[in-house]
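Chemist: Give the three-dimensional model of this entry:
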Amino acid sequence: MSDILPSDLPRLRTLRTWHAMWVERIDEAIAAAEQRERERQQGEERRPPTPDWIIELSIGVGARPIEVHVGGCYAAGKRHRAITRERALAALTDGIRACIHCRPDTELGVL
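Modeler: Model prediction:
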């Protein structure tokens, strides 16, 4: 290995300084990545659980229920509220439509 390194002391010290600088930069990048991972895990732990059932609401002041979804449905709009199983059943029997993507009517056995 000594045949690939320079033999004089000034160049060896320069190489050592250069590599020490890179090790320091790598350690900083590792620390930053670990911090991001800790923050991601904390976010997951603090996030409320996905509700079993949600009801989507219309736009406006008098927002009314327009669609029932299984909790976590990708098609649910931004205006929605968590509801109980009983409320989801009642909404479907009251004529509120079921989402065609997550099929809460099938999940609830309404069909």
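Chemist: Pop out the phi and psi values for the residue most central in space within the chain.
Modeler: The chain has residue 44 as the residue nearest its centroid, 7.3 Å off, counting by CA atoms, centre = their mean. When read as degrees, to the nearest 10, the backbone of residue 44 gives phi -70, psi -40.
Chemist: which element is residue 30 on?
Modeler: For residue 30, the enclosing helix or strand under DSSP states H and E is helix 9-46.
Chemist: actually residue 82, sorry about that
Modeler: Counting by DSSP H and E, the element that carries residue 82 is strand 80-83.
Chemist: Mind listing residues that contact that strand?
Modeler: Taking contacts as CB atoms under 8 Å, 6 or more residues apart in numbering, the residues outside strand 80-83 that touch it are 51, 53, 54, 55, 56, 57, 68, 69, 71, 91. Bear in mind the C-beta positions are built from the backbone N, C-alpha and C, glycine included.
Chemist: go with 10 Å
Modeler: 48-57, 63, 65-69, 71, 73, 87, 89-91 (CB atoms under 10 Å, 6 or more residues apart in numbering).
Chemist: How about stretch 88-99?
Modeler: For stretch 88-99, contacts defined as CB under 10 Å, 6+ apart pick out 51-56, 64-71, 73-76, 83-84, 104-111.
Chemist: can we see that at 7 Å?
Modeler: With contacts defined as CB atoms under 7 Å, 6 or more residues apart in numbering, stretch 88-99 is touched by 53, 55, 65-69, 73, 75, 104-105, 108, 110.
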